[in-house]
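*Asks:* Next one to model:
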Amino acid sequence: MHATAFTHPDEASDELGPSSNPMGRGAAANADGDGLPDDLLRVAVSYPDGETAGTMDGGPSGDSSGEPDQRVLIRTASQGDQVIWNYQLWLWPRPEAGDGPLEFIAEWPDKGIELTRAELPLDDILSAVDSVVELWPQPGSNSAQAS
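*Replies:* The predicted structure follows:
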């Protein structure tokens, strides 16, 4: 999953540079009532059964060599500057087809973005995932080579 966060160029400052990631590392301590800093970009996914996984939940628990024993949304990579940040996110487990819609949730109080939800048809998302072609499989991967 890929996410991009934009800051208006007029609001850009040295505080929003590579050392101050809006989705975590380096976020300032302007905590509101929920104990999270206001400048923290919060992202979550709600499964069709109502269970959620979010970037604020921390990492997976369980055996580090196997699958997580809980639902997780983990930031696996990020890159940015004073105006734009790009994120790669990993959602586990993959929702099953036919379960209903998947809901994406975001909030960024410091930038005036209230709790926002967008519902997307799960079958469309899974269809797109199934059409991905892996060009360079990772070492040890069981993926078939692209022709």
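
*Asks:* In the chain, mark out all the strands, start to finish.
*Replies:* 2-6, 42-46, 52-54, 72-80, 84-92, 102-108, 113-120 (DSSP state E).

*Asks:* ok, and which of the ones you listed has the densest surroundings?
*Replies:* Among these, strand 42-46 has the highest mean neighbour count (mean count of other Cβ atoms under 10 Å), at a mean of 19. In short, each C-beta sits where N, CA and C put it, glycine included.

*Asks:* what's the angle between that one and strand 84-92?
*Replies:* 30 degrees (axes from the mean of the first three to the mean of the last three Cα atoms, to 10 degrees).

*Asks:* Please save the CA atoms from strand 42-46 in PDB.
*Replies:* C-alpha atoms of strand 42-46 as PDB (Å, rounded to 0.1, in the frame of the first residue of the first chain):
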ATOM      1  CA  ARG A  42      -2.600   8.800  11.900                       C
ATOM      2  CA  VAL A  43      -3.600   6.200   9.300                       C
ATOM      3  CA  ALA A  44      -5.600   3.000   9.800                       C
ATOM      4  CA  VAL A  45      -7.600   0.400   7.900                       C
ATOM      5  CA  SER A  46     -10.900  -1.000   9.100                       C
END
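
*Asks:* From the centroid of this structure, which residue is nearest?
*Replies:* residue 89 (4.2 Å; Cα atoms, centre = their mean).

*Asks:* quick revisit: of all the strands of the chain, which lies closest to residue 129?
*Replies:* With Cβ to Cβ as the criterion, residue 129 lies closest to strand 84-92 of the strands of the chain, at 10.3 Å.
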